[in-house]
Each structure stands twice: as C-alpha cells, then as structure tokens.
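Enquirer: turn this into a model:
(2 chains)
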Amino acid sequence: MAFLQISDIGIRFAANAPAVLVNVSLPIERGDYVSIIGHSGCGKSTLLNIVAGLLRATDGGVILDGREVNSPGPDRAVVFQNHSLLPWLTCRENISLAVDQVLSGTKSRRQRAAWVDENLELVRMMPHADKRPNEISGGMKQRIGIARALAMQPKVLLLDEPFGALDALTRAHLQDQVMDIHRRLGTTVMMITHDVDEAVLLSDRIVMLTNGPESTIGEILTVDLPRPRDRLALAQDPRFLAARAAVMRFLYARHRNPAEAA
Amino acid sequence: MRGTPTSTVFSQATATPVAPSGLVAARLRSASLAALRRLRHEALQAVPLIVMLAILLGVWQIATHGPGATLPSPVKIWAQSHDLILHPFYDHGGLDKGLGWHLFASLQRVFVGFALAGSVGVALGMLVGTSNIAMRGLDPIFQVLRTVPPLAWLPLSLAAFRDAQPSAIFVIFITAIWPVIINTAVGVRNVPQDYRNVALVIRLRGPKFFTKIVLPSAAPYIFTGLRIGIGLSWLAIVAAEMLIGGVGIGFFIWDAWNSSNISDIIVALIYVGLVGFVLDRIVAFAGRLATRGVQAS
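Expert: The predicted structure follows:
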C-alpha cells in the first residue's frame, strides 16, 4: 500500500444530489509531488478537503502511513488558497500558535521558538516576522502560510491553489521556493491547481480530473523531468512542452470547461 | 505613518556629510520643523469647526437677544453661569456642588452599570453565539426585552432595590446589555470558516479554541456592542437621575429647571454632550487597541 492511499473516494453533499466525485483512487508515494488539475467545479478542492479530513467522503477512504484519515490533523497540514492567517497575530505568532499546539509534546519551549525561527528563515520571512498579515503582501502571506504548514512537520503537505491569488512574478518566485523546499526536505506534496505550467513545472505526476458532476480521474501524466528544475531552461525543453501539450489537450480538447460550452 | 514624505526630505538633507555635532543639530532641527508642520496641519483642520461654532453662536445670539426671548443668549449665559464653567469643582455643601462633581457622580453610576452590562453581556452573547439551544431559548426573550425603554425599568427597579443608587445602576445595566449581547453573539457566530479550518488542522479545541480563535475574531463585534452600549448608558443616566434625585448631572438639570435657571441647563447640556463624546471615543479607542489588524484584513 502506498504512503498516502486514496481509495474509491466518492462524495455527495445531499442524499438526492448528484455525486461530486466518484471512484477516485490515487496512490501517492513518500516524497512525491502530485498535482490535481481540472476545470473549476470539478471537485479538486473537495478531494483535497477529504484528504485533509475537513470533509467526510460518502464512499471509500483515505489511508495515510497505515492510518485511516477521518478527522483533520497536523499530519496533513493545509496551505489554504486565501492564506487563512489569523489577522490579530503577527507572522511569528501565527506559526508559533501551530507549533505550540502541535509539537508541545515533543519539543521544549526553547526548541519550539527556535523551530519557529527556522521555518521563518526557510521562507525568508525573518525580516517581517513581527508584522501582522495586513502589513505584508499577498506573496508574503502565502509564504507564512507555507511556513506554518511545514512547521507542523506534516506527513503530507496539502496545497489548495496556493498561488492562485498572486500576480505572475510573485507566483513564479514562490513556485521556485516551494520546489526548493520540496527538494531539500523531501516533503510529500499534494497540490490543487488550475495552472498548466505550474503543474508541469512542479509535479512528479499530474492527475487530471474530468468535469463534474460525478467527476473522476481522467488521466495521470508522469512528468519525467530531472530535478532541480529551472523554469528558463525548461521553457525550451521538448519534454516540458510535450507534457504541457498533453495536459492542455486533456483540459481544452477532451474536457472543455462546462461553463464555456454552455 | 502618514508623515513620512516630509521626513524623508529632511533625512536626505541630514545625509550630507557634516561634522557629527552638526548632524545632531540638523536632526533636531528637522524633527522640530516636522513637529511644527504637523501642528500647523492640525490647526488648519480645526478651522471649519471653529467657523461653524462662531456662526452657530452668532445665530443663537441674534435669535435670542430680544426682550421677548424665552431662551437665554450666549452672552447672557456667560453672565449668569460662568461660575459653572470656570469652577466645575466647587462644593458649598449639600447639593450645591460644581458641575464636575455632578458629572463625576453620574460617571460613577455609568461606570458600574456599564462594567456589569459589559461582562454579563459578553458572557451571555458567547452562550447564545455558541449554543443553538441557548439561542432558541434566549434570543426571542432578548429581542422583546431590548425594546423596553430604559426608564420603564426604573419603577420596577426602585420597587426591587428600594434605593436610588442601585436602581440607577440597574437601569444603566439593563439599557447597555442588549447591544452587547446581540453583537457578541453575531461575532461568535461569524467566525470565518477559514479560521475554524486552521483550528481544526492544528486541533485547537475547547477553551483554547475559544480564547485563541473565537474571542479575537469576535472582538470587533464585541466592541461595536460596547460602543453602542456606552452611548445608550449615557442617554439613560440623565433621564434616570432626573427621577431619582441626589447628586448627578440629570438631577442638576432637573433642579435648574425647577429654579428656572435656564442658563445652567444649557451649560449642563454642553457638558453632557462633551462627556458622552469622550466616553464614546474612549471605548472606540480601546476597541482599536484590542482589535489591531482584525478589521483591515
């Protein structure tokens, strides 16, 4: 059994409503970077929320490291799309709230403070550690969100369109940082995205969902590009272009956005 | 900091290489210049208000200076009541005290009643906000009781307490508590799902969830309730004191009416307005301190 095993997931929000997801099965190995891509409304965030334990699947289940997932927990830290930092706490306090809550059993007070600093350092937010979220930019907020998630020492890092609300330059910068962190820490990552380039650049595998309702996995593409990856070099790389074209074909030729088709 | 544009100009000036002592002097000079500018800016801001006050006083003077006028003119008020304005803290024994003492007595009552209303109101609001059963049981009762005018409670509280002081405090309490309860409950119910999700992921539960997430998230609502509450308290205290007597600004106004001292009433009204304004600002300021960052997110 895989490190993170998603087995036959199905979910419907009301008994007589059509299912949002059906028969989603996906094994994810330790250290894998897996992206879930699909048009809006295909249930990709729903899938992530099931793995996070924030939603209960109607059918099937999720097993992480030999344990069934049935409630939220810090072993599946989420980076939310809208960062979800607590606005009344500084950046450092946002991280230490999580660290003090999650790691109080294993680390002393001083170790926890040092660990918070280490994670601030990791996302290069040390200079802004004592600012509140409304005093920093969107990209910085998302970096704190990532640091908070990583500081919980999760088994899986769940990224819910983490770069969706950012401008293109900030997004590229943050993608590079996440790639770097993934390479150095060997974190297992499951990321929701609707950006094809982002998916190809970051992922080991890209899971493409069909359109909802009753969406399921349409295709899985393995991206065999060596790491570390460099966005400039890859822009000309035929393997990158081929992978990009494959995802585009799936999204725009075979499964057009239902909103556009209507 | 809004003042930075000017200060950067000055810091550029000080950045030119001069002897260390000259540098310090230049910094001092630039600091005092900046302060002066700020002062002038503030003074200019106050000009419209001063003009408006002058016009109002002028109109008032013209309207009331004739022999048939029922209300005193500003000049006459000054002639009759300037003692009251200049010496707020005289004490001639009995009830013949300066306005300051009357206001102080009223403020004491408001303070006690409002403190009670604030603590009980926040607690009840949290209960109604978190428990659906409490909501169904209590909310309809609150919705009915909150429409009862403050003074309607006075006879009842006099009957219950048989003393003026606790009765007045009770009226303040019962006036101020409703907006506090209702706003707190709304704040607690409106904790964004994002924050709840964060709490779920890090497994923050029970009292810790309450103090770390719910309270700070609801704080802006709570302070809105407190601010409405303090305003209502101040409205109610004057009316209540007119009825119960003793020391207090409400009684002072009533007493002045009974001795046909209209000038004193007008001076007292201005004081009541200013104190009410200050009370509102104090609670607003406390709210801003306690909710740094929350509204602006």
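Enquirer: tell me which helix or strand residue 94 sits in.
Expert: Picking chain A for this. Using DSSP states H and E, A:Asn94 sits in helix A:91-102.
Enquirer: actually chain B
Expert: Going by DSSP H and E, B:Gly94 is not in any helix or strand.
Enquirer: can you name the residues that contact it?
Expert: By C-beta atoms under 8 Å, 6 or more residues apart in numbering or on different chains, B:Gly94 lies in contact with nothing. Heads up, the C-betas are built off the backbone N, CA and C, glycines and all.
Enquirer: list phi and psi for it.
Expert: phi 60, psi -140 (degrees, to the nearest 10).
Enquirer: tell me the buried residues in stretch B:234-246?
Expert: Neighbour counts over stretch B:234-246 (16 or more other C-beta atoms under 10 Å in any protein chain shown) mark B:234, B:236-244 as buried.
Enquirer: residues touching whichever helix or strand A:Asn119 is part of, excluding its own?
Expert: A:Asn119 is part of helix A:109-122, with elements assigned from DSSP H and E. By C-beta under 8 Å, 6+ apart, the list of residues contacting helix A:109-122 from outside reads A:91-92, A:95-96, A:99-100, A:103-104, A:107, A:126, A:129, A:147-148, A:150-151, A:181.
Enquirer: those residues also near chain B: which ones?
Expert: When C-beta under 8 Å from any C-beta of the partner chain is applied, no member of the contacts of helix A:109-122 is adjacent to chain B.
Enquirer: give me the buried entries from these.
Expert: Using 16+ other C-beta under 10 Å, the buried members of the contacts of helix A:109-122 are A:91-92, A:95-96, A:99-100, A:103, A:107, A:129, A:147-148, A:150-151, A:181.
Enquirer: now do the SS call for the residue of the stretch 51-200 of chain A found nearest chain B.
Expert: Residue nearest to chain B within the stretch 51-200 of chain A: A:Pro87 (3.6 Å; C-beta to the nearest C-beta). Three-state assignment for A:Pro87 (DSSP: H, G, I helix; E, B strand; the rest coil): coil.
Enquirer: just for the chain, where's the confidence low?
Expert: Unless you meant another one, I'm taking chain A. Applying pLDDT under 70 to chain A flags the ranges A:258-262.
Enquirer: my question was about chain B, not that one.
Expert: For chain B (pLDDT under 70), the answer is B:1-23, B:293-297.
Enquirer: make it 50
Expert: B:1-18, B:296-297 (pLDDT under 50).
Enquirer: need the residues of it near chain A, please.
Expert: B:194-195, B:197-198, B:200-204, B:208, B:212-213, B:216-217, B:219, B:291-294, B:296-297.
Enquirer: for ChimeraX, what selects the buried ones among those?
Expert: In ChimeraX syntax, the buried subset of the residues of chain B next to chain A is picked out as below (16+ other C-beta under 10 Å):
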select /B:194,195,197,198,200,201,202,204,212,213,216,217,219,291,293,294
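Enquirer: among the residues of chain B next to chain A, name the ones in strands.
Expert: Members of the residues of chain B next to chain A lying in strands (criterion: DSSP state E): none.
Enquirer: the helix holding A:Asn94 packs against which elements?
Expert: helix A:109-122, helix A:138-151 (3 or more C-beta pairs under 8 Å, 6 or more residues apart in numbering or on different chains; DSSP states H and E).
Enquirer: between the first one and helix A:138-151, how many degrees?
Expert: In this structure, helix A:109-122 runs at an angle of 140 degrees to helix A:138-151, with axes from the mean of the first three to the mean of the last three C-alpha atoms, to 10 degrees as the basis.
Enquirer: how far does helix A:109-122 sit from the chain's center?
Expert: 23 Å (C-alpha atoms, centre = their mean, to the nearest Å).
Enquirer: now do stretch B:69-83
Expert: 28 Å.
Enquirer: as CSV, the helices and strands packed on helix A:91-102 with distance to B:Gly125 would be great.
Expert: As requested, these are arranged in CSV below (distance: least, C-beta to C-beta, whole Å):
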stretch, distance to B:Gly125
helix A:109-122, 34
helix A:138-151, 30
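Enquirer: so of those helices, which one's packed in deepest?
Expert: helix A:138-151 (a mean of 24; mean count of other C-beta atoms under 10 Å in any protein chain shown).
Enquirer: just checking, B:Val110 touches B:Leu235?
Expert: No - the pair B:Val110 / B:Leu235 is not scored as a contact, 10.3 Å apart, by C-beta atoms under 8 Å.
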